[in-house]
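Novice: structure, please.
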Amino acid sequence: HERGSARHCPAVPEPLHILVFGQSNSAGAVLPGGALPWPQLLAAALPGALGRPATVTFRTFYAHAAGSAAYLDRELAKYSPDLVILTMTPFAFLQPMVGPGVRKRYGERAHRLYQRLLAPVEPYLRGAELLIVPDGPLHQVSFDALLVRPADATSFIPHLLVQHRTIAYLLSATTAVQFADLARKADGAALALAPGFTGDVKRRYMAQVKDTASIDKHFLTYVRQPFAVRSAQALGPLLGARVHIGSEASEGCFRREAAGHGILHLGTHAEMNATDPMYARLVFSKDGEGLDPDADGYLHAYEIYELDLRAQLAVLTACETGAGRTDGEGVRSLGHGFAYAGSPSLVMALWNIDEKVTAEVIERFYEHLADGMPKHEALRRAKLDHLERASDELAMPYYWAGLVLVGDVDPVQRPFWHRHRWWVLAALVLVVVGAAVWWRRR
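Specialist: Predicted coordinates for the structure are as follows:
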């Protein structure tokens, strides 16, 4: 270059947005070669290989979901990636596309499992209720999805166990009495929190962080939950709930207000821990100060034990369980934690289910609760409502059967005003109208 001339600086290219589908979560995609941290490896290798910066988003591809094509379409529309990578075997990719084959296998296995677990004791079951204390791998089985008769893809719905039984689960046989005592002591209105994990929530967090080295990069990867936010907002008019969404839905907010409410609705992500179930955790919005260890945005199972709750029911929706054990220890740890802290009932998901369907089922569940139904019957009716209007794909148990009730099944006791407010308002209107008529005739 001649002296005084401007040095030519090549423009820095925009980073590529790469969407990676794997068969597990970001803790390690399970492939024939073993468990490897594929997002981290790809994030490190791709920029050099492509000659430009790249950001990597990892999404789970569920080989047991019948609607995989629609699922892929939704994910591609949501993220608009520049490049898509499938880190899975061809069989795992193609298997879910063959809907009839998946449904045939489900029908065979669901009836076979019913034959082994429940058919031998059916003659001794007098009532319609089943209270199940699962053990080992059965913690991840939704008994609602078992089939009482052999069925195929076009005829399985009438033979689902949920059509014939009202099912709830207990952590252990001895907790039944403890749950009943807790339920009698609990009262109060509803509290709903849903961080949503929108871009605005993450930007506010980033703006509060003073030291960029302390940024919680994992928090920035959580997927948005618009339907979880919708469910939380719906609780306001339905149950008179106090609702916190977005950045307001923080761990500190939950700790401050939870003890004064009878129903706790947490529309957020939950993560199981593969090595220590007591580190299973619920995710809230974060502040960037990082000064208070009790407001770091993660409420662990061991921290739940330390809370003093008076709730009749805790509901965890839109769970994204992460890489956990296969024996259900993480789920039990959360359930034990809420029970020990003073909440006798817990609704949560056994697997990572569709957020939109979950929101719809939970909203119907609350409507039935408001009508005075027992908790397990309200959840059953909500699932049946979904099945009545579901398309072929959305009727598959993957979408709705993962929601289960653990603990006490009695109806929730709502405050007098919320139970009778319409009668009170109607009486006030009549009094006002009567007073007006009397005043005119006087």
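Novice: okay, now the closest residue to His336 other than its chain neighbours: neighbour count?
Specialist: By the measure of Cβ to Cβ, 6 or more residues apart in numbering, the closest residue to His336 outside its immediate chain neighbours is Leu171, 5.9 Å from it. C-beta here means a position set from N, CA and C on the backbone, and glycine is covered the same way. Neighbourhood size, Leu171 [other Cβ atoms under 10 Å]: 20.
Novice: how about the helices in the stretch 201-350 of the chain?
Specialist: Ranges of helices in the stretch 201-350 of the chain, per DSSP state H, counting those that start in this stretch, are 226-239, 251-257, 301-304, 329-341.
Novice: can you confirm the residue nearest to His336 is in a helix?
Specialist: No: Leu171: not assigned to a helix; according to DSSP: H, G, I helix; E, B strand; the rest coil it is coil.
Novice: tell me how far it lies from Glu388.
Specialist: 32 Å (Cβ to Cβ, to the nearest Å).
Novice: same check, this time on Ala395
Specialist: Ala395 is 10 Å from Glu388, by Cβ to Cβ.
Novice: and those two? Which one has more around it.
Specialist: Of the pair Ala395 and Glu388, Ala395 is the one with more neighbours under other Cβ under 10 Å, namely 20 against 9.
Novice: got the confidence number for the more buried one?
Specialist: Looking at Ala395, its pLDDT is 91.
Novice: in three-state terms, label the closest residue to Gly372 other than its chain neighbours for me.
Specialist: Closest residue to Gly372 apart from its sequence neighbours, by Cβ to Cβ, 6+ apart: Pro411 at 5.3 Å. Assigned with three-state DSSP, Pro411 falls in the coil class.
Novice: how about the backbone phi and psi for Pro411?
Specialist: Backbone torsions for Pro411, taken as degrees, to the nearest 10, come to phi -60, psi 150.
Novice: residues in contact with it?
Specialist: Shown in contact with Pro411 (Cβ atoms under 8 Å, 6 or more residues apart in numbering): 369, 372-375.
Novice: so Glu355 makes contact with Ser231?
Specialist: No: with contact defined as Cβ atoms under 8 Å, Glu355 does not reach Ser231; the gap is 9.4 Å.
Novice: between these two, which has more neighbouring residues?
Specialist: Between Glu355 and Ser231, counted using other Cβ under 10 Å, the more crowded position is Ser231 (25 against 21).
Novice: residues contacting the nearest residue in space to the more buried one that is not next to it in sequence?
Specialist: Of all residues not flanking Ser231 in the chain, Ala359 sits nearest, at 4.4 Å (Cβ to Cβ, 6+ apart). By Cβ under 8 Å, 6+ apart, the residues touching Ala359 are 227-228, 230-231, 317-318.
Novice: reformat these as a markdown table; add distance to Glu303 and pLDDT.
Specialist: Conversion of the contacts of Ala359 to a markdown table gives the following (distance: Cβ to Cβ, whole Å; pLDDT from 0 to 100):
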| residue | distance to Glu303 | pLDDT |
| --- | --- | --- |
| Phe227 | 27 | 90 |
| Ala228 | 21 | 91 |
| Arg230 | 28 | 92 |
| Ser231 | 24 | 91 |
| Thr317 | 20 | 82 |
| Ala318 | 20 | 60 |
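Novice: what is the nearest of these to Met206?
Specialist: Ala228 (21.7 Å; Cβ to Cβ).
Novice: distance check, that closest one against Arg203.
Specialist: 19 Å.
Novice: so between the two, which is more surrounded?
Specialist: Ala228 (30 against 12).
Novice: ok, now which ones touch the closest residue in space to that one that isn't next to it in sequence?
Specialist: With sequence-adjacent residues excluded and distances taken as Cβ to Cβ, 6+ apart, Ala228 is closest to Gly267, at 3.3 Å. Shown in contact with Gly267 (Cβ under 8 Å, 6+ apart): 192-195, 225, 228-229, 231-232, 317-318.
Novice: just the buried residues from these, in PyMOL please.
Specialist: This is how PyMOL selects the buried members of the contacts of Gly267, with burial counted by 16 or more other Cβ atoms under 10 Å:
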select buried, resi 192+193+194+195+225+228+229+231+232+317+318
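Novice: got the contacts of Gly267 as TSV, with distance to Leu239 columns?
Specialist: Formatted as TSV, the contacts of Gly267 follow (distance: Cβ to Cβ, whole Å):
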residue	distance to Leu239
Ala192	9
Leu193	14
Ala194	15
Pro195	20
Gln225	20
Ala228	16
Val229	16
Ser231	12
Ala232	11
Thr317	15
Ala318	19
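Novice: in what helix or strand does Arg380 lie?
Specialist: According to DSSP states H and E, Arg380 maps onto helix 375-389.
Novice: buried set for that helix?
Specialist: So helix 375-389, judged by 16+ other Cβ under 10 Å, has buried residues 375-387.
Novice: sketch out the low-pLDDT regions of the stretch 1-150 of the chain for me.
Specialist: 1-14, 21-52, 54, 60-73, 84-104 (pLDDT under 70).
Novice: show me where the stretch 51-200 of the chain has strands.
Specialist: Per DSSP state E, counting those that start in this stretch, the stretch 51-200 of the chain carries strands over the ranges 54-60, 83-87, 129-132, 166-169, 190-194.
Novice: let's have these in CSV, adding distance to Phe156.
Specialist: CSV is the format used below for the strands of the stretch 51-200 of the chain (distance: least, Cβ to Cβ, whole Å):
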stretch, distance to Phe156
strand 54-60, 25
strand 83-87, 30
strand 129-132, 19
strand 166-169, 17
strand 190-194, 33
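Novice: just these: most buried one?
Specialist: strand 190-194 (a mean of 28; mean count of other Cβ atoms under 10 Å).
Novice: that one to helix 226-239, inter-axis angle?
Specialist: 160 degrees (axes from the mean of the first three to the mean of the last three Cα atoms, to 10 degrees).
Novice: pairing partners for strand 190-194, with directions?
Specialist: Applying DSSP bridges, strand 190-194 is found paired with strand 242-245 (parallel), strand 263-267 (parallel).
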